[in-house]
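A.B. asks: What shape does this take:
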Amino acid sequence: MKSDLLSNIYNPADLRLLKEEQLIQVAQELRQFIIDVVSVKEGHLGASLGVVELTIALHYVFNTPKDLLVWDVGHQAYGHKILTERREIFHTNRQLNGISGFPKRSESIYDTFGVGHSSTSISAALGMAIASKLKGDFDKEHIAVIGDASIASGMAFEGLNHAGVTDANILVILNDNAIGIDPSVGALKKYLTSVKNGKNPRQNNIIKSLNFDYSGPIDGHDLPVLIQELNRLKKIKGPKFLHIVTTKGKGLQQAEENQVKYHAPGKFDALTGEIHLKSEENLPPKFQDVFGLTILDLARKNEKIIGITPAMPSGSSLKFMMEELPERAFDVGIAEQHAVTLAAGMAAEGMVVYCNIYSTFLQRAYDQVIHDTALQNLPVIFCLDRAGLVGEDGATHHGVFDISYLRSIPNMIIYAPINEIALQNILYTAQLGLNSPIAIRYPRGRGVIKNWEVENFGHYEAIQIGKANCLKKGTQTAVLSTGTIGNNVIEALQECTHSDSIAHYDFPFIKPLDINCLNEIFSTYENIITIEDGAKSGGFGSAVLEFAASHDFKNNIHILGVPDVFIEHGTVAQLQQLCKIDVKSLINLFSNGVK
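C.D. replies: Model prediction:
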């Protein structure tokens with residue numbers, strides 16, 4: 001009977017004590033360990049299964065943590081975490097106070113660079129390599145592992161362009177599996193496919209042309225071949241590039257056959273791979289589906305409507321339009337900057353462009369929002385999915401900064417719907433003809449209206465730009481909410497004791513604010529509470545404070561939202577409680593008064 005090898009590996013030093021022929025067993029055990037834990041605890045699955053052999057080979061050949069290993073994005077770093085002193089706590093992955101789902105510098109010396117957004121690994125590893133050289137360390141290795149979807153991003157090419165004219169000791173490993181979260185797209189994907197199929201002339205090599213020592217493509221699941229090639233490359237100085245071919249989800253048949261679904265499948269049977277389906281009967285719709293179904297319906301009636309997403313057709317639900325109207329719906333790959341300026345170019349020619357980008361990823365295209373869109377007052381419709389606290393993905397993915405970073409931009413309209421009907425109506429209103437860009441922010445997860453599609457889908461009403469709504473009258477205190485966090489206020493007011501004294505106003509428009517409504521509120525109520533699921537610094541509450549100061553109001557103002565720290569991972573409910581914007585905290589606040 002084989003002995004259990006993985007349980008005796010605490011860190012890579014233990015791994016290097018094994019004979020090379022034992023590593024195949026380690027790979028089997030590591031793959032099964034990932035499957036067993038993720039099947040119960042959830043998380044990202046397919047990406048880590050695909051790089052099990054590569055992970056083992058890297059830590060076996062290179063002297064980590066002295067040699068520096070940078071993972072791009074980090075979806076694929078579970079095996080790395082297990083082999084680097086975190087096997088016994090891996091079950092806490094993505095849970096409150098547990099380890100992060102992504103590499104994180106403060107968590108381990110083996111996590112050399114914090115990631116979560118794509119295409120940063122080459123620049124980071126190159127920076128480390130140049131720093132090592134300047135410090136006189138010419139032996140240290142610097143390795144960047146990047147996928148074929150991530151390497152198509154502009155930043156990755158910026159890193160390659162610079163590295164190619166240096167003598168930095170950097171190894172870029174392309175993990176080519178033809179898929180990111182959704183299938184990879186673009187001309188570079190076609191080029192890599194031709195390379196893998198042996199149809200590209202060897203002299204026609206993009207990477208070699210950038211002055212890299214190129215090798216591959218090789219089988220990324222063949223451990224002996226991987227180890228042999230990494231040992232060879234370790235002896236070569238300067239910029240090197242290894243092209244490996246892998247299968248996302250390797251080792252679990254269901255994950256190999258359905259790579260999109262098994263990127264992050266939720267709970268599943270560890271033996272069969274069968275996903276434990278949650279009943280969706282009588283549940284409200286996901287906000288992403290409200291967007292996807294609504295834009296498709298509008299696009300059928302308005303030929304000028306265009307949909308754009310940077311590599312998130314499934315996550316944004318733009319896939320519905322891409323399937324029915326492929327000539328007017330575009331997945332541009334991991335290229336947020338390009339997505340925004342492409343949208344601006346289309347808007348300049350009179351098209352009605354819905355540019356759907358997760359809130360956290362729009363940060364990557366901030367200059368394009370300002371310079372290419374708002375400065376020219378082009379009416380691009382930015383649909384910011386995953387706004388607010390997103391849960392287990394943690395600090396790299398929370399969409400809590402968008403109000404703050406968009407509110408200062410001239411010409412920008414910012415809207416946050418309280419529910420599904422408000423979202424579909426603003427999507428409808430935007431295509432009637434706006435004179436300015438608009439950002440529509442909505443959260444990850446489900447809404448509040450169980451039969452939305454049956455009763456409300458397709459019944460559109462135009463929304464008056466800049467209008468707030470009084471949801472409940474009161475006598476002493478006014479609560480001003482923006483977006484879906486207003487539903488926590490509604491629930492809290494239904495359960496608290498002194499609700500008669502508390503009014504509730506929904507401010508879907510953060511910019512422009514409803515000045516007439518604010519004047520009435522500040523003239524009527526002694527106490528003002530603002531609440532948002534975004535950063536308090538520079539957010540909706542700040543905008544209300546600015547109004548009060550400029551109009552010389554002296555009311556008591558209390559701001560609720562996300563504090564000025566990076567919020568870690570946990571469930572949305574746990575993180576709302578941490579920020580004191582959950583229903584229970586609001587009930588306590590409303591019942592006891594603002595302190």
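A.B. asks: State the next helix or strand along the chain beyond the lengthiest strand in the chain.
C.D. replies: When the chain is parsed with DSSP state E, its longest strand is strand 527-535. On the C-terminal side of strand 527-535, the nearest following helix or strand under DSSP states H and E is helix 540-550.
A.B. asks: now that following helix: how far from the chain's centre is it?
C.D. replies: With Cα atoms, centre = their mean, to the nearest Å as the basis, helix 540-550 stands 30 Å off its chain's centre.
A.B. asks: Can you pull up the most central residue in the protein?
C.D. replies: The centroid of the chain falls nearest to His397 when counting by Cα atoms, centre = their mean (4.6 Å).
A.B. asks: roughly how far apart are that one and Gln464?
C.D. replies: 33 Å (Cβ to Cβ, to the nearest Å). Any C-beta I mention is one placed from the backbone N, CA and C, and that applies to glycine too.
A.B. asks: can you check Phe382 too?
C.D. replies: Phe382 is 20 Å from Gln464, by Cβ to Cβ.
A.B. asks: Between the two, which is the more surrounded one?
C.D. replies: Taking neighbours as other Cβ atoms under 10 Å, Phe382 and Gln464 compare with Phe382 leading, 28 against 9.
A.B. asks: That one sits in which helix or strand?
C.D. replies: Assessed by DSSP H and E, Phe382 sits inside strand 381-384.
A.B. asks: just checking, next helix/strand downstream of that strand?
C.D. replies: Where DSSP H and E defines the elements, the next helix or strand beyond strand 381-384 is helix 402-407.
A.B. asks: other SSEs contacting that next one?
C.D. replies: Judged by 3 or more Cβ pairs under 8 Å, 6 or more residues apart in numbering; DSSP states H and E, helix 402-407 is in contact with strand 413-415, strand 438-441, strand 509-511, strand 527-535, helix 540-550.
A.B. asks: Let me know which of those is the nearest to Ser481.
C.D. replies: Of all the helices and strands packed on helix 402-407, it is strand 527-535 that lies closest to Ser481, at 4.8 Å by Cβ to Cβ.
A.B. asks: chain center to the closest one: distance?
C.D. replies: Relative to its parent chain, strand 527-535 has a centroid offset of 24 Å by Cα atoms, centre = their mean.
A.B. asks: and that strand, which strands flank it?
C.D. replies: For strand 527-535, the paired strands and their directions (DSSP bridges) are strand 477-481 (parallel), strand 556-562 (parallel).
A.B. asks: I'd like the average pLDDT over the last one.
C.D. replies: When the per-residue pLDDT values of strand 556-562 are averaged, the result is 97.
A.B. asks: Pull out the buried residues from that strand.
C.D. replies: Neighbour-count burial for strand 556-562, counted by 16 or more other Cβ atoms under 10 Å, picks out 557, 559-562.
A.B. asks: Please identify which of the residues you listed is nearest to Lys240.
C.D. replies: Checking the buried residues of strand 556-562 against Lys240 with Cβ to Cβ, the nearest one is Val562 at 42.5 Å.
A.B. asks: Could you point out which residue ranges in this protein have low pLDDT?
C.D. replies: Along the chain, the parts satisfying pLDDT under 70 run over 1-3, 201-203, 594-595.
A.B. asks: Show me what counts as buried in the longest helix along it.
C.D. replies: Longest helix in the chain, counting residues (DSSP state H): helix 23-41. By 16+ other Cβ under 10 Å, the buried positions in helix 23-41 come out as 23, 26-27, 29-31, 33-35, 37-39, 41.
A.B. asks: For the residues you listed, give me a markdown table that also has distance to Lys135.
C.D. replies: Shown next, in a markdown table, are the buried residues of helix 23-41 (distance: Cβ to Cβ, whole Å):
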| residue | distance to Lys135 |
| --- | --- |
| Leu23 | 33 |
| Val26 | 34 |
| Ala27 | 35 |
| Glu29 | 38 |
| Leu30 | 34 |
| Arg31 | 38 |
| Phe33 | 37 |
| Ile34 | 36 |
| Ile35 | 41 |
| Val37 | 38 |
| Val38 | 39 |
| Ser39 | 44 |
| Lys41 | 40 |
